[in-house]
Structures are given as structure tokens and as C-alpha cells.
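*Asks:* give me a 3D structure for the following:
(chains A and B)
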Amino acid sequence: MPFVKRLLSKPLALTPVQLLLFKAGLHALFLGYLIFLGWAAVTDNLGADPVKALIHSTGTSALNLLLLTLLISPLAKHLPFPSLMQCRRLIGIYVFVYALLHLTSYVSFELQFDWALIASEVIERPYITVGFIALLDLMLLTITSPMWVRRKMKRNWQRLHNSIYLIALLALVHFSWSRKTALQEPLLYWFIALVIMLPRFNYWFKRLTPRH
Amino acid sequence: KPLSFTPSEKFTTDEAKTPYAKVTSYNNFYEFGTGKDDPAERAKSFKTDPWTLRIDGLVKNPITLDYDAIMKQFAFEERIYRMRCVEAWSMVIPWVGFELNKLIQLASPLGSAKYVAFETLHDPKQMPGQRNPFIGGGIDYPYVEGLRLDEANHPLTLMATGVYGKTLPPQNGAPIRLVVPWKYGFKSIKSVVRITLTERQPPTTWNRLASNEYGFYANVNPKVAHPRWSQASERRITDGGVFNQQRIATRMFNGYDEVAPLYANMDLARYY
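*Replies:* Here you go, the predicted model:
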């Protein structure tokens, strides 16, 4: 395939217009899916239990996008397609949007704004606590995502944003823990996450071993 | 297939019924996959005839019923029961069936019988979850359940052969399943092939898998939380989208107060 050959031989840099179009396409995809979900949920076209379906789809989509953001830097390096890096923040923000809608649909449609119940569930149920912490951390990353904040924070920005690995871990724990049995999709997600993280583990390991 | 039955006057409710399409497309039946829509999808070609149901153990008269005997030997009744899942959702379902005590009577239990053990069909050829732990969630098969003999003999305890006036679809536990409306749904074992009367409390599938989460009794109890969620309220699955959902308070014994005497001197927080 000439396209793949082209992708692997020369760095593919998008022109500003192409990049803009590419980003617009991503927005259309992520927003479009949300609009479809919302429409189907309101009109009872999301299976027998639209509430559960809405919670699950927003949750797993957030996790999918989160893993995608982790995949971007190795992809941009090896493909080589450096422009990909310029889309990472956009996707990262959608991780937060989807995760926020995941919580919102749980609080509004599942628990129906029963605040006493909401508070006790978040505090007493470890898997919900774990998910909630991940969401708070995601919120911090989102708030600090504009360029001017990044410049102001200097080295602390990278430190803070390294917590994406913690978020990924918490999200996987939250997902696995919410299920009745262990041998379900979560296992597949752990495996994919592990594969995505392999180049980084390799890199971290090299940095930690003293050189002679 | 349509069934003939008489509607029960005593065991009914005015509550809005869960539509047939939802009752038959939202099922926990891990033999066909852990997703709620997996059973409806994967059980389409499940064979329910021929079938054998055996009643044995501590009985004078062990019996084996074939498909026709199951379908013709008993007078069917339609009963509208609430069904409360341990996952904190519920449905209102019109079952067709007969009381389990009629079946137990036929076998004439011995005086030493104290419990009733149930077993689902074990047929890995037909049930992909039994051959592949990644489909079946890694639980032990065959699925087993149990009741105390007095619970099994209670008039509320039903052997269902139909739903909404027709024979059960495979995903709902065809050709015959248990329905115990005051207990969490997982007690109501599907596609039963064997009923054994025993002296000792029999093992049950979910209790074996996570005994801190699922007890032998599994009575619906708003005061005893599941370790991972509250059981104080439930979401009723009915018509309509996400804005028409109602969360209602869960009632002790799922509202079937007549079973309370069965547990008169028991600490139900301990025997959950």
C-alpha cells in the first residue's frame, strides 16, 4: 500500500489547513457519537436498560480514548507522523468530557440526584471512590491544558501531567472492580494497556539502570 | 408457542409490567455470555425438546419428567411477580407455571430432607460460556442453586415454563426455570435438569464465587448492602428513555411479606 509506505518512509507533516481539518474530523467523530448516544438514550433505543447502557458506553469510551492518548506519543515517534502529537490534547479533553458524562449519567439517571445516596456511594464503595479520584485528577489535567497555563507551570506541568498513568491505572481498577466476575473485557483492557505501556517501561528501565 | 393457563387472582400486581421485548433481551445467563444481550443473541438455537428433569435425592419416589410431561402434567397459572436483581434493577414479569411444592409432593420427600438443590443443564456444545471461561465469566458450571425445603414448598415459589403467555425463550431459562420472587434474581435458576432433596445445605454458584457478596439465602433486603453498592433502592425497568426512569425504594422480601415467618428467628444481616 503506497500510503503505508509513504507513512513509514518520510515524516508526514500536515499543513496547518490539513491539521485543522483533521482536528475538525476528530471533533465531529467524538461529538457525533455523544449526540447519537444521547438521542438513543432519550428515545429508548439503547437496549432494555438505557441508563446502564449510557453509563457503560460513556465509561468505556472514556477509557478507550485514554488508552488512545497513551498510544499517541509512541505512534508519532515511530510512524513517523509528528502531527499526531498536536491532536493529543484534543483527545485528552474528550477523555475528561466522556468521563464527566459517565459520572453525570450515573448521578442523574442511575441515582436520580439522591444526594445522600450519592455521597454514601462515593465514600463507601471503593470502586466508585477510585473512579471519582481518577475523574478529579482528569479535571486537573484539563484545567491546566491551555498553553499559557502550561508555560506558567514550567516543570510542574509535566510532573502533574505524568499522573495520566495513575489515572489510567485507577480507571482500569474501577472498570474491573465494577464487574461481577473477573474474566470479562477488563482483562482485555489490562492486556492492551500493558502493550501500549511496553515502550515506556523499556525507556524507564533504561533510565534507571546505571551506565558504565 | 402459546400456553394454556388461568390467570392467578391472588398473585398479581397493578404495577406497570416490563415490556416483553425488555424481559427477553436483558438477561443474566452466563452460560451464553456475560453481557445482558448475549443470551438473546447466542441462545437462539438452544434445544429445549427433548428435555429431562429429574427429581431425586431424599425422596421415596424419584421421578424423571420429559418435555411433554413438564408441559402437560401440571395446571398452569399466570402470576405477575416483581423480579429484583442483585444488581439493583427490577422488572415486573407475568410468568406462567406451577408451584414447586406440587412437583416435590409427586416425589414424596423423606423426613430427613431439609434442603432442595437445583442444577442447570451442563452442555458445553450448546452453551459457549461453559466451554470458554472468557465467555462464561469464569464461574463454575453447571450452575447450581438451593433453597431450604420450607422455602421451596412456599406457595410463592414457582416453576415457570412461560412468560407473557408463551413458552419461555431460551434466554429466560427454557424450558423450565425456578422463580423465587422474594429473593435476588440469581436464586431463580434457569433451564433446570435436576432437583435433588438433601439433608445438608447445598452449594450455590454465586456463593462459591464470592461468599462475601452473595449469601445462600439472598433474600431481598434493603438494609443489607452489597459490598459494592447499596440495596436500599432499585431502578425499575419499564418503557421509555433515560428521562422516564424511576428509582424506587426496595422493599423487604421484595414486598412479599408473607414469607417473613420463614425467617422468624434469624439474623438476616448474618444470613444474607
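*Asks:* pLDDT of the helix or strand containing residue A:119, averaged?
*Replies:* If you go by DSSP states H and E, residue A:119 is part of helix A:115-124. Mean per-residue pLDDT for helix A:115-124: 89.
*Asks:* could you list every residue that touches residue 66?
*Replies:* Using chain A. Counting by C-beta atoms under 8 Å, 6 or more residues apart in numbering or on different chains, residue A:66 touches A:95, A:164, A:167-168, A:171. (C-beta placed from N, C-alpha, C; glycine too.)
*Asks:* sorry, I should have been clearer: chain B.
*Replies:* Neighbouring residues of residue B:66 by C-beta under 8 Å, 6+ apart: B:50-52.
*Asks:* try residue B:244
*Replies:* Residue B:244 makes contacts with A:44, B:238, as judged by C-beta under 8 Å, 6+ apart.
*Asks:* and the helix or strand hosting residue A:171, what does it pack onto?
*Replies:* Residue A:171 is part of helix A:164-177 when elements are defined by DSSP H and E. With contacts defined as 3 or more C-beta pairs under 8 Å, 6 or more residues apart in numbering or on different chains; DSSP states H and E, helix A:164-177 has these neighbours: helix A:50-78, helix A:126-143, helix A:185-208.
*Asks:* among the ones you listed, which comes closest to residue B:238?
*Replies:* The closest of these to residue B:238 is helix A:50-78. By C-beta to C-beta, the value is 11.0 Å.
*Asks:* quick one: whatever helix or strand comes next after that closest one to chain centroid distance?
*Replies:* Counting by DSSP H and E, the next helix or strand C-terminal to helix A:50-78 is helix A:88-105. The chain centroid and the centroid of helix A:88-105 are separated by 7 Å, computed with C-alpha atoms, centre = their mean, to the nearest Å.
*Asks:* using CSV, list the CA coordinates for helix A:88-105.
*Replies:* Extracted in CSV, the C-alpha atoms of helix A:88-105 (Å, rounded to 0.1, in the frame of the first residue of the first chain):
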residue,chain,number,x,y,z
ARG,A,88,-3.3,14.6,21.8
ARG,A,89,-4.6,17.5,23.9
LEU,A,90,-7.9,17.4,22.0
ILE,A,91,-8.4,13.7,22.6
GLY,A,92,-7.3,14.1,26.2
ILE,A,93,-10.0,16.7,26.8
TYR,A,94,-12.6,14.3,25.3
VAL,A,95,-11.4,11.7,27.8
PHE,A,96,-12.5,14.2,30.5
VAL,A,97,-15.8,15.1,28.8
TYR,A,98,-16.7,11.4,28.4
ALA,A,99,-15.7,10.6,32.0
LEU,A,100,-17.7,13.6,33.3
LEU,A,101,-20.8,12.5,31.3
HIS,A,102,-20.2,9.0,32.7
LEU,A,103,-20.4,10.4,36.3
THR,A,104,-23.2,12.7,35.4
SER,A,105,-25.4,10.0,33.9
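*Asks:* who are the packing partners of it?
*Replies:* Judged by 3+ C-beta pairs under 8 Å, 6+ apart, the packing partners of helix A:88-105 are helix A:16-42, helix A:50-78, helix A:126-143.
*Asks:* by how many degrees do that helix and helix A:16-42 diverge?
*Replies:* 10 degrees (axes from the mean of the first three to the mean of the last three C-alpha atoms, to 10 degrees).
*Asks:* so which of the helices and strands packed on helix A:164-177 is the most surrounded?
*Replies:* Stretch with highest mean neighbour count among those: helix A:50-78 (a mean of 20; mean count of other C-beta atoms under 10 Å in any protein chain shown).
*Asks:* and that one, how far from the chain's centre?
*Replies:* Put simply, helix A:50-78 sits 4 Å off its chain's centre (C-alpha atoms, centre = their mean).
*Asks:* thinking again about what came up before, among the contacts of residue B:66, which are in helices?
*Replies:* Of these, none are assigned to helices by DSSP state H.
*Asks:* can I have the buried ones of those residues as a PyMOL selection?
*Replies:* Selection of buried members from the contacts of residue B:66 for PyMOL, criterion 16 or more other C-beta atoms under 10 Å in any protein chain shown:
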select buried, chain B and resi 51
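*Asks:* pLDDT and distance to chain A for the contacts of residue B:66 - can I get that in CSV?
*Replies:* CSV is the format used below for those (pLDDT from 0 to 100; distance: C-beta to the nearest C-beta, whole Å):
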residue, pLDDT, distance to chain A
B:50, 95, 31
B:51, 97, 27
B:52, 97, 29
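*Asks:* so which of the contacts of residue B:66 are in strands?
*Replies:* Among the contacts of residue B:66, DSSP state E puts residue B:52 in strands.
*Asks:* mind showing which ranges of chain A have poor pLDDT?
*Replies:* Along chain A, segments meeting pLDDT under 70 span A:1-11, A:183, A:211-212.
*Asks:* residue contacts, residue B:78?
*Replies:* For residue B:78, the contact set (C-beta under 8 Å, 6+ apart) comprises B:5-8, B:94-96, B:165.
*Asks:* what about 10 Å?
*Replies:* Residue B:78 makes contacts with B:3, B:5-8, B:11-12, B:94-97, B:160, B:162-165, as judged by C-beta atoms under 10 Å, 6 or more residues apart in numbering or on different chains.
*Asks:* can you tell me the closest non-neighbouring residue to residue A:125?
*Replies:* With C-beta to C-beta, 6 or more residues apart in numbering or on different chains as the criterion, residue A:125 has its nearest non-adjacent residue at 5.5 Å, and that residue is residue B:228.
*Asks:* oh sorry, the question was meant for residue B:217
*Replies:* Residue B:217 sits nearest to residue B:271 (C-beta to C-beta, 6+ apart), 5.1 Å away.
*Asks:* wait, the one you found sits on residue B:219?
*Replies:* Yes. Counting by C-beta atoms under 10 Å, residue B:219 is a contact partner of residue B:271 at 8.4 Å.
*Asks:* so who does the residue nearest in space to the middle of chain B touch?
*Replies:* The structure's chain B has its C-alpha centroid closest to residue B:188; by C-alpha atoms, centre = their mean the separation is 1.4 Å. Neighbouring residues of residue B:188 by C-beta under 10 Å, 6+ apart: B:81, B:83, B:85, B:95, B:118, B:145, B:157-158, B:160, B:173, B:177-181.
*Asks:* how about the strands in the stretch 101-250 of chain B?
*Replies:* B:115-120, B:144-148, B:158-163, B:166-167, B:177-179, B:192-198, B:233-236, B:246-249 (DSSP state E, counting those that start in this stretch).
*Asks:* a markdown table for those strands, including mean neighbour count?
*Replies:* Below are these laid out as a markdown table (neighbours: other C-beta atoms under 10 Å in any protein chain shown):
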| stretch | mean neighbour count |
| --- | --- |
| strand B:115-120 | 23 |
| strand B:144-148 | 22 |
| strand B:158-163 | 24 |
| strand B:166-167 | 16 |
| strand B:177-179 | 24 |
| strand B:192-198 | 20 |
| strand B:233-236 | 20 |
| strand B:246-249 | 13 |
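*Asks:* any idea which of these gets closest to residue A:16?
*Replies:* Of all the strands of the stretch 101-250 of chain B, strand B:233-236 comes closest under C-beta to C-beta, at 49.0 Å.
*Asks:* any chance you could list what contacts the longest helix anywhere in chain B?
*Replies:* Longest helix in chain B, counting residues (DSSP H): helix B:100-107. The contact list for helix B:100-107, computed with C-beta under 10 Å, 6+ apart, reads B:53-63, B:65, B:70, B:73-75, B:99, B:113, B:116, B:118, B:147, B:149-159, B:176, B:178-180, B:195, B:197.
*Asks:* specify which member of the contacts of residue A:66 is nearest to residue A:114.
*Replies:* residue A:171 (25.0 Å).
*Asks:* I am finished for the moment; much appreciated.
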